[in-house]
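> got a predicted model here, sequence first, then my questions.
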Amino acid sequence: MSAGSTPVAKVKNAAGQFVAPTIASITAAAAGAAEKLPPTTDYRVSIVNAPGAAAYPISSFTWLLVYQRQTDATKSKKLVDFMKWALTEGEGSAATLDYAPLPASLGAQLMDRVASIQVGTAS
């Protein structure tokens with residue numbers, strides 16, 4: 001997201017602040033929404049107009065749909081390893097790819113959720 005090359009408009013958020021679309025303001029929207037998520041949530045939530053003065057109001061998550069019980073041990077181990085990498089080391093590359101990094105608290109919740117995936121089990 002290069003705000004310098006393309007004109008952008010600031011949008012009024014739930015806190016009444018006018019916020020530009022930046023990596024930081026989208027992460028702030030995720031953080032504002034994440035504060036209200038219980039640890040057992042299924043994460044199919046909207047972060048549009050999330051609370052917080054720095055939150056960009058037109059933000060969204062990107063989801064992965066993954067079965068809790070994985071039957072193919074080899075494929076499921078690779079999938080789980082990828083998700084663990086994406087939530088740890090991969091987060092360091094998010095901004096350079098124009099993705100907003102997840103707030104640390106949400107990343108920790110998601111790591112717990114990934115750990116609950118049953119690898120190589122019968123359905």
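Looks like it came in fine.

> what about the longest helix in the chain?
Longest helix of the chain, by residue count under DSSP state H: helix 73-87.

> what's next to that helix, contact-wise?
When contacts are defined by C-beta atoms under 8 Å, 6 or more residues apart in numbering, helix 73-87 is touched by residues L64, V66, Q70, L102, G107, L110, M111, V114, I117, V119, G120. (Glycine included, C-beta is placed from N, CA and C.)

> tabulate those residues (a markdown table), appending distance to A86 and secondary structure.
A markdown table is the format used below for the contacts of helix 73-87 (distance: C-beta to C-beta, whole Å; DSSP: H, G, I helix; E, B strand; the rest coil):
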| residue | distance to A86 | secondary structure |
| --- | --- | --- |
| L64 | 9 | coil |
| V66 | 12 | coil |
| Q70 | 17 | coil |
| L102 | 10 | coil |
| G107 | 10 | helix |
| L110 | 9 | helix |
| M111 | 10 | helix |
| V114 | 9 | helix |
| I117 | 14 | coil |
| V119 | 17 | coil |
| G120 | 21 | coil |
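
> pick out the most distant pair among those residues.
Greatest spacing in the contacts of helix 73-87, by C-beta to C-beta: L102 and G120 (27.5 Å).
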